[in-house]
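[1] Quick one: sequence and predicted model below, then my questions.
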2 protein chains.
Amino acid sequence: MENSVFKALAHPARRQVLTMLRQGPRLAGDLAAEFEASWPTMSRHLAVLKEADLITAERQGNQILYRVNTSVLEDAASALLGLIGRDEGDDELKDAAE
Amino acid sequence: MENSVFKALAHPARRQVLTMLRQGPRLAGDLAAEFEASWPTMSRHLAVLKEADLITAERQGNQILYRVNTSVLEDAASALLGLIGRDEGDDELKDAAE
DNA sequence: ACGCCGATTAGCATTCTTGCTAATTAGCGG
DNA sequence: CCGCTAATTAGCAAGAATGCTAATCGGCGT
C-alpha cells in the first residue's frame, strides 16, 4: 500500500499533477491540457494516482473532477521524515522485498 | 535530480535499506545479509540510492560503509509537504514530463 | 435514437527495472 | 605474487512502466 504511493510519486508527470491539484480540484481534461503527453496517457497517470489513493475522482455530469488526498500525502511525507530521526521505533516503512 | 530521488524511493528494498541506515552507518555486506535477494542485486539497489544521493559510500579498507544522506531525505519530505499546503509559491516539485 | 464531447480502456511497441549467475575489481595478508 | 574476502560490474532474461493510436463507454442535448 505504501509501495504504490511511492511508485506513483516516481513519475514527474504525476508529481506535476499533484502540484496542480494543490490549489484545488481540477477537471481531468483541464489537467490533461497542460501536458504534452496524449490525453489517454494522462488518463493513465491519473489512474495510477487514484490507485495509490493520492487523488480521488468525482463525476460532474459529463466530466470528472479530481482532487488531492492530502492525508495520504501526509503519510508519505511523515514516512520519509521517520527515516531521518534516530530510533523512533514506529513507522517502519518496510513492506517486503520482491 | 528530484526525480532520481523519488524513483529510488519507489522500491521497497531500497526504502528498507534506508530504514536500516536510520540508526547509523552499515557495511554493504552487513546490509546485503539481511535481504533474501542476492548480493549483487543488493549492490545495485545501493548504487541506485547512491545515484540519487540518498546514501554515501566510504571505503573502510576491505569493505564499504554506507550512510544515509539526511538532507536529501529532508528535501524529499518537504517537497511532499509542499504539495499539501495551499499556494506556497516555491518548491514547485516539477521537473518536466517525458 | 443519434451525435457529440469528455474520459477511459484495449492493444501494441519500446524502453526501463529487476534479479539472477558469472566474471571482475579492490584491498589485505602471507 | 597468490589466495582470500568484500563488493561491484557484465550480460542476460523476465516483467513492469510508458506512451501512442484506435476503440469504447458515459452522460448530455436534440
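    In hand now; what should we look at? Numbering: from 1, shown residues only, chains lettered A, B, ... in the order given.

[2] what bits of chain A have low per-residue confidence?
    Segments of chain A classed as low confidence (criterion: pLDDT under 70) are A:86-98.

[3] Taking chain A, what residue is nearest to DNA strand C?
    Closest residue of chain A to DNA strand C, CB to the nearest atom of the strand: residue A:29 (1.9 Å). C-beta: built from backbone N, CA, C; applies to glycine.

[4] buried stuff in the strand or helix carrying that residue?
    With the criterion set as DSSP states H and E, the secondary-structure element containing residue A:29 is helix A:28-32. By neighbour count, with 16 or more other CB atoms under 10 Å in any protein chain shown as the criterion, the buried positions of helix A:28-32 are A:28, A:31, A:32.

[5] Can I get that helix in CSV, CA atoms only?
    The C-alpha atoms that make up helix A:28-32 are tabulated as CSV, following Å, rounded to 0.1, in the frame of the first residue of the first chain:
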residue,chain,number,x,y,z
ALA,A,28,-9.4,15.7,-16.0
GLY,A,29,-9.3,17.4,-19.3
ASP,A,30,-8.2,20.6,-17.7
LEU,A,31,-5.2,18.8,-16.3
ALA,A,32,-4.5,16.8,-19.4
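
[6] And the helix or strand that comes right after it, what does it pack against?
    Under the assignment DSSP H and E, the closest C-terminal helix or strand after helix A:28-32 is helix A:39-51. Packed against helix A:39-51, as judged by 3 or more CB pairs under 8 Å, 6 or more residues apart in numbering or on different chains; DSSP states H and E, are the following elements: helix A:2-9, helix A:12-21, helix A:28-32, strand A:55-60.

[7] Any part of the first one near DNA strand C?
    No - judged by CB under 7 Å from any atom of the strand, helix A:2-9 and DNA strand C are separated, with a smallest distance of 8.6 Å.

[8] that older thread, the residue of chain A closest to DNA strand C and residue A:63 touch, don't they?
    Yes - contact status for residue A:29 versus residue A:63: in contact at 6.4 Å, counting by CB atoms under 8 Å.

[9] Enumerate the residues of chain A near DNA strand C.
    Among all residues of chain A, those adjacent to DNA strand C (criterion: CB under 7 Å from any atom of the strand) are A:27-30, A:32, A:39-40, A:42-44, A:46-47, A:57, A:62-64, A:97-98.

[10] among these, which ones are buried?
    Neighbour counting over the residues of chain A next to DNA strand C (16+ other CB under 10 Å) leaves A:28, A:32, A:42, A:46, A:64, A:97 as the buried ones.

[11] Identify the residues contacting the fourth one.
    What it means is residue A:46. Listed by CB atoms under 8 Å, 6 or more residues apart in numbering or on different chains, the contact partners of residue A:46 are A:17, A:28, A:31, A:55, A:57, A:66.

[12] what are the phi and psi angles of the spatially most central residue of chain A?
    Centroid check for chain A by CA atoms, centre = their mean gives residue A:54 as the closest residue, at 3.6 Å. With angles defined as degrees, to the nearest 10, residue A:54 sits at phi -80, psi -20.
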